[in-house]
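[1] Everything below, folded, please.
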Amino acid sequence: MTAIKYRSVDVDGVKVFYREAGAADGPALLLLHGFPSASHMFRELIPLLADRFRLVAPDLPGFGQSDMPPRSKFTYTFDHLAGVMGRFTEVVDLKRFAIYVFDYGAPTGFRLAVNHPERITAIISQNGNAYEEGLSEAWNPIRAYWQEPSQANREALRAFLAPEATRWQYTHGVTDEATVSPDGQSLDNFYLARPGADEVQLDLFGDYKSNVALYPIFQGYLRTHRPPFLAVWGKNDPFFLPPGAEAFKRDIPGAVVRFFDTGHFALETHAAEIAAAIRDFLTP
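    Residues are numbered from 1 along each chain as shown. From the prediction side, this is the model:
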């Protein structure tokens, strides 16, 4: 088994923690996590691919082991997160790489692709959305905050930050809850409980509307550049629906779409199957 290294680098004054494995000269794959998780969501996937690829999995600012600068000094928007991640790829010498995008990692990774299409060799989307038809009604409370960013609407979103909400995200749509390890959700809840983390996450809920506004830009990138594209989708995801996965074929007719009988955090139950799909997809 290839050893996983746990490192941190300074990215313009922000400490970014990341996991890295595989040969330095192997095909590179940047793994971008989602809410409310961090790079630990890839803890089972990385060893399954490290013999073939260079894998780099950072924690976004405000998540996991990366810095969570105070909101007075760091604006928590997806544009800002993507800017830090773009610089991160330069600091760790990722020149050309595939991206694995999940949840928040999708608007982050798609921004990287739009800004530097020459760097992207392929895209793997695991419940990483870029189409309005992929958004379920579970987004309605967040949509209400977009439409009227009142304090009352902001406070209503705290329900998404509760420990039971995290557990629900991990177990909803899973055929057997006993197959879901408590490790990931426990770490997520630990990080969410840090002082100030709630306000950071509420800021990002509000800014998610910027991602939806950019969907036409993301889709234009896909149509223009036609990167090799694989969707590996938990079909029972309560937030990102299967039509969002199928929609990628509209802009990339050759896109490969695979559904798995699981929920939002598909790697918790189907890491081996998703690793096999990635290996087949990225191996010439």
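[2] how about the nearest residue to Ser181, chain neighbours excluded?
    Nearest non-adjacent residue to Ser181, counting by C-beta to C-beta, 6 or more residues apart in numbering: Glu268, 6.6 Å away. All C-beta atoms are positioned from the backbone trio N, CA, C, and that covers glycine.
[3] That should have said Gln169, apologies.
    Spatial nearest neighbour of Gln169, excluding adjacent residues (C-beta to C-beta, 6+ apart): His264 at 5.2 Å.
[4] for the one you found, what are its contacts?
    His264 is in contact with 103, 127, 169-170, 172-173, 234, 237-240, counting by C-beta atoms under 8 Å, 6 or more residues apart in numbering.
[5] In PyMOL, select just the buried ones from these.
    To isolate the buried ones among the contacts of His264 in PyMOL, judged by 16 or more other C-beta atoms under 10 Å, type:
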select buried, resi 103+127+169+170+172+173+234+237+238+239+240
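[6] Which of the contacts of His264 fall in helices?
    169-170 (DSSP state H).
[7] OK, contacts around Ala130?
    Applying C-beta under 8 Å, 6+ apart, the residues near Ala130 are 106, 110, 215, 218-219, 222, 244, 247-248.
[8] how far away is the residue nearest to Gln169 from Gly34?
    His264 sits 8 Å away from Gly34, going by C-beta to C-beta, to the nearest Å.
[9] Which residues are in contact with each of these two?
    Common contact partners of His264 and Gly34 (C-beta under 8 Å, 6+ apart): 103, 127.
[10] quick one: which of the contacts of Ala130 has the most company?
    Neighbour tally across those (other C-beta atoms under 10 Å): the maximum, 29 neighbours, falls on Phe110.
[11] In what element of secondary structure is that one found?
    helix 105-115 (DSSP states H and E).
[12] Quick check: buried residues in that helix?
    105-114.
[13] How far off centre is that helix?
    Centroid displacement of helix 105-115 relative to its chain, using C-alpha atoms, centre = their mean, to the nearest Å, is 10 Å.
[14] tell me what that helix is packed against?
    Secondary-structure packing of helix 105-115 (3 or more C-beta pairs under 8 Å, 6 or more residues apart in numbering; DSSP states H and E): strand 28-32, helix 78-91, strand 97-101, strand 120-125, helix 197-225.
[15] Which one, of those, ends up nearest to Pro284?
    Minimum separation from Pro284 across the helices and strands packed on helix 105-115 (C-beta to C-beta) falls at strand 120-125, 11.4 Å.
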